Each structure stands twice: as C-alpha cells, then as structure tokens.
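>>> Provided below for reference: sequence and predicted model.
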Amino acid sequence: MTEPPQTEEDFEHIAKMLPQPHIYDFIQRATPISELKIYRIPSQSRKRRNIINKLPNRFIMIGDSYCRFDPLYGQGMTVAAMEAELLRKELGRLSTGETMDTVIKSYWIKLPKLTNDPWDMALIEAYRHPGITGTRPIGIGLKQWLTQKIYKASAHDSSVYLRLAQVMNLTRPSSIFFLPSLLRKLFR
Ligand SMILES: Cc1cc2nc3c(=O)[nH]c(=O)nc-3n(C[C@H](O)[C@H](O)[C@H](O)COP(=O)(O)OP(=O)(O)OC[C@H]3O[C@@H](n4cnc5c(N)ncnc54)[C@H](O)[C@@H]3O)c2cc1C
C-alpha cells in the first residue's frame, strides 16, 4: 500500500497487519482525540556542494534552508542546532584575526560533512519506498542491506541497539558500525 489510510477502519486494518500486535491492541483500548489527519512531506532536500560558487559573497544557509528532512526522522532541529554551533565556532575565529570571508568559506566547507550522517540515513530509508523515482545514489543498496542487519541485530542485542540509538540521535558518527567488534555481532 503506497497511500496512507484515509479512514479509521483503514487505519485499524493496517495496524492489524503489522508483524507485532502491540499497536493494534493499544488502538483497541484508546479513544481518538480527533478525526484522522494526513500530512505529507513531498520532498527532502540538501543543497549541492557547488552551490557556494553561485551565492552572493558572505551568504550563508542554515537549518531547513540548507537541508530539509522528512520530520518522520526527528532530526531537523538537531541538525539545525549543530549547524548553529558550527557557525558560532567559525564566527568565534573573527576574534583571532580571521577575516569574515575566510570564516564563511570555512563554514560552507564543513557544512556537508556535518549533515552527511543524517542525510545518508534519510536517503537509505526514503529509497526503500517503492514510489521513489529518479537516479538511486551510488551504494544505496549496500547501505540498505547493512542497515537492515543493524536493525535485526538491535532487536536482540542491547549493545547494537545502544549504538543504533546513538547514531540516530546524532550523538555518535555512523562509522562506529564499522568497528570490528560491532561488525562481528552483525555477521555472526
Ligand atoms: C510536522 C513537522 C514535525 C517535525 N518534527 C520534528 C521533530 O520531532 N524533531 C526534529 O528535530 N525536527 C522536527 N521537524 C523539523 C524541524 O521543525 C525543522 O527542521 C526545524 O524547525 C528547522 O529550523 P529552521 O530554523 O531552519 O526553520 P523554521 O523552524 O521553519 O524557522 C523558520 C522561520 O522563518 C520564518 N520565516 C519564513 N519566511 C520568512 C520571511 N520571508 N521573513 C521572515 N521570517 C520568515 C518562519 O515563520 C519561521 O519562524 C518537524 C517538522 C515538521 C514540519
């Protein structure tokens, strides 16, 4: 099913189809606080690396204007805060004699790296959706396969789950999944 449920009956029907019964059971005991509402986020976007050459001098972007996620992932505010922190650090270098041009250039250089992990996570999940068209990013299939392994392992291994939660909450980089100790858990 690619369309979200339009009625309470459809909603319950889909909840009943889930592999685990908890959500369906809960809905049976709960009372709706409003009628069903559907919201759609038609796109996610991140500006390309070469955009800096096309912008007015000393122009910056931050938050959703630079990189906008599907709210489902709950990462937009964290990323916006991380970008604000980066900007604060860069502007702090003005007091050590750096020029504004250097500081803004440095901000733009560091911005893609800062957003790589959450953007990757957003793409990995978005490209599982059968309705997505267009050129698939290189390596996305491999990343989806590896992520699936992480999800499965995290269901029964609390140390994998902890790492997954840390990466999803952007407190640790995704590179921690490539530590030999963790890879062994995924592929045993
Ligand atoms: C339904 C929904 C749920 C979300 N849930 C989460 C979540 O659970 N966790 C999470 O981390 N993120 C969530 N997000 C994403 C998060 O809200 C955004 O990533 C974040 O607010 C981006 O901050 P921002 O400052 O870039 O933009 P915004 O918060 O959108 O701020 C932009 C501001 O600029 C103002 N503005 C716009 N145009 C002009 C103009 N021309 N002149 C003056 N002012 C202007 C707007 O009124 C607004 O106040 C959600 C988003 C949506 C839509």
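Perfect, thanks for sending it. This is a predicted model, so every value here is computed, not measured.

>>> roughly how far apart are the residue with the largest distance to the centre of the chain and I109?
Most distant from the centre of the chain: G97, at 36.1 Å, with distances by Cα atoms, centre = their mean. G97 sits at a distance of 19 Å from I109 (criterion: Cβ to Cβ, to the nearest Å). Placement of C-beta: from N, CA and C, glycine included.

>>> Determine how far stretch 71-84 lies from the middle of the whole chain.
Put simply, stretch 71-84 sits 8 Å off its chain's centre (Cα atoms, centre = their mean, to the nearest Å).

>>> cool, and stretch 5-25?
Computed by Cα atoms, centre = their mean, the chain-centroid distance of stretch 5-25 equals 25 Å.

>>> Show me which positions of the longest helix along the chain end up buried.
Counting by DSSP state H, the longest helix found in the chain is helix 100-126. By neighbour count with 16 or more other Cβ atoms under 10 Å, helix 100-126 contains the buried residues 103-104, 107-108, 111, 114-115, 117-124, 126.

>>> Just the closest of the residues you listed to the ligand, please.
P118 (9.7 Å; Cβ to the nearest ligand atom).
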